[in-house]
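Engineer: heads up, no residue letters with this:
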């Protein structure tokens, strides 16, 4: 039943996007098209949160991700979305705790490791940022955006030769 409900949610989201023709207003159309059954589906709320995030409506994106988590506290993607929204709002320390929650649910969740690295670099906590990027790269050595993030940290630390090596690996993995 959950797969059918998720498919219906996705259909409603795609229908709203096609009717809209672009992303403006997409998230609002998603909620307008939600039925009682889809309002209880965490995927619907996560997709709404992503649409709101893409419109730079970070507080509303955060609320949608929180609704997804309320419906499914083990939904790692919703925890990650919540953290990303917090980063966009400049709430870096709070976002790190949220990403850590995602990692408690799935220790190999690469995006959470990468996003922790981003949050730490925003706080100029370079060693912790570097450690997070390296954990992401250990899980996926071909992750271009993690190599780029590592290069940014190394550059910020004044390790220019090492940062250049990371940037080359970024290009090699694209």
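Structural biologist: Structure's in. What do you need? Quick caveat: nothing in here was measured; it's all calculated off a predicted structure.

Engineer: Domain parsing of the chain, as residue ranges.
Structural biologist: 1-98, 108-174 (automatic domain parsing).

Engineer: With mean neighbour count and mean pLDDT as new columns, can these be given to me in JSON lines?
Structural biologist: The way it works is simple: take the backbone N, C-alpha and C, and place the C-beta from them, glycine included. Below are the domains of the chain laid out as JSON lines (neighbours: other Cβ atoms under 10 Å; pLDDT from 0 to 100):
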{"stretch": "domain 1-98", "mean neighbour count": "18", "mean pLDDT": "80"}
{"stretch": "domain 108-174", "mean neighbour count": "19", "mean pLDDT": "96"}
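
Engineer: Could I get the full set of strands for the protein?
Structural biologist: For the chain, no strands turn up when DSSP state E is the criterion.

Engineer: what separates residue 151 from residue 131, distance-wise?
Structural biologist: Noted for residue 151: a distance of 15 Å to residue 131, by Cβ to Cβ, to the nearest Å.

Engineer: Report the contact partners of the residue nearest to residue 98 when sequence neighbours are not counted.
Structural biologist: For residue 98, ignoring the flanking residues on the chain, the nearest one in space by Cβ to Cβ, 6 or more residues apart in numbering is residue 83 at 3.9 Å. Taking Cβ atoms under 8 Å, 6 or more residues apart in numbering, we find residue 83 in contact with 95, 96, 98, 99, 102, 112, 115, 119.

Engineer: Pretty sure the first one sits against residue 86.
Structural biologist: Yes. Using Cβ atoms under 8 Å, residue 95 makes contact with residue 86 at a distance of 3.7 Å.

Engineer: returning to that earlier point: narrow the contacts of residue 83 to those in helices?
Structural biologist: 95, 96, 98, 99, 102, 112, 115, 119 (DSSP state H).

Engineer: In TSV: the residues you listed, plus distance to residue 73.
Structural biologist: Putting those into TSV (distance: Cβ to Cβ, whole Å) gives the following:
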residue	distance to residue 73
95	18
96	19
98	13
99	16
102	12
112	16
115	19
119	22
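
Engineer: which one of the residues you listed is nearest residue 171?
Structural biologist: residue 115 (22.2 Å; Cβ to Cβ).

Engineer: is it true that the closest one touches residue 87?
Structural biologist: Yes. Using Cβ under 8 Å, residue 115 is in contact with residue 87, at 6.9 Å.

Engineer: between the two, what contacts are shared?
Structural biologist: Joint contacts of residue 115 and residue 87 (Cβ under 8 Å, 6+ apart) are residue 95.

Engineer: Nearest residue to residue 74 in space, please, no chain neighbours.
Structural biologist: Beyond its immediate neighbours in the sequence, the residue positioned closest to residue 74 (Cβ to Cβ, 6+ apart) is residue 105, lying 5.7 Å away.
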